[in-house]
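In: Based on what follows, work out the 3D shape:
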Amino acid sequence: MNETVRPIDLTCRETFDHWTAVTIRFSDQDPLGHVNNVSVAAYVEASRTMLIRPFLLQDKYPELDFALVHLEIDYKGEFTYPGIVDVGGRLERVGTKSFTTSYGLFTGDKCVATAGSVNCFFNTQRRESVVPPDDVRALFEERMASQPV
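Out: This next block holds a predicted model:
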């Protein structure tokens, strides 16, 4: 039987169970008075690192990390200083050496941006992408299976 995969709605708070609250800084504004696009990328980075690090088992594999290879952001609405932006994150896919993550950025109930990234598992000693250990891959897969759909 052919299953239809329903796309995940990144503009809906219920899509996420991992959250990172980021304080909007005065310096995050651009000359138009709204949060600058580069700041939005930094907010996604804050969420990405908080989401992924626990699954890398760095006490067991200190040389294992991850590197960003692709980032895309869709801006949905203007938001300004001061305030807090809540960044929801989720794991989407794990491949041989890479994995995909998705994000929704919210001020209150309003989605102000969505984002997606492709990351590779990275060996910091060899300075190259690597296949993750089986137990790390299993943690990623378990997390993906337990997320809201």
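In: Which residue ranges of this structure form helices?
Out: Under the criterion DSSP state H, helices of the chain are mapped to 37-52, 134-146.
In: Among the ones you listed, which comes closest to residue 28?
Out: Of all the helices of the chain, helix 37-52 sits nearest to residue 28, with 3.8 Å by Cβ to Cβ. Every C-beta, even on glycine, is put in place using the N, C-alpha and C of the backbone.
In: quick one: the longest strand along the chain to chain centroid distance?
Out: Ranked by residue count under DSSP state E, the longest strand found in the chain is strand 110-123. Relative to the centre of its chain, strand 110-123 is centred 4 Å away, using Cα atoms, centre = their mean, to the nearest Å.
In: Report the rounded mean pLDDT for it.
Out: Strand 110-123 carries an average pLDDT of 98.
In: Starting from that strand, tell me which strands it pairs with and how they run.
Out: In the sheet, strand 110-123 lines up against strand 64-75 (antiparallel), strand 98-107 (antiparallel), strand 128-129 (antiparallel) (DSSP bridges).
In: most packed of those?
Out: strand 98-107 (a mean of 22; mean count of other Cβ atoms under 10 Å).
In: Measure how buried residue 144 is and give me the count.
Out: By other Cβ atoms under 10 Å, the residues close to residue 144 number 14.
In: Which pLDDT does the model give it?
Out: pLDDT, residue 144: 95.
In: shaky segments in the chain?
Out: The chain contains residues with pLDDT under 70 at 1-6.
In: Next one: the residue nearest the centre of it from residue 110, what distance?
Out: Centroid-nearest residue in the chain: residue 48, 3.7 Å away (criterion: Cα atoms, centre = their mean). Using Cβ to Cβ, to the nearest Å, residue 48 is found at 22 Å from residue 110.
In: swap in residue 11?
Out: Residue 11 is 9 Å from residue 110, by Cβ to Cβ.
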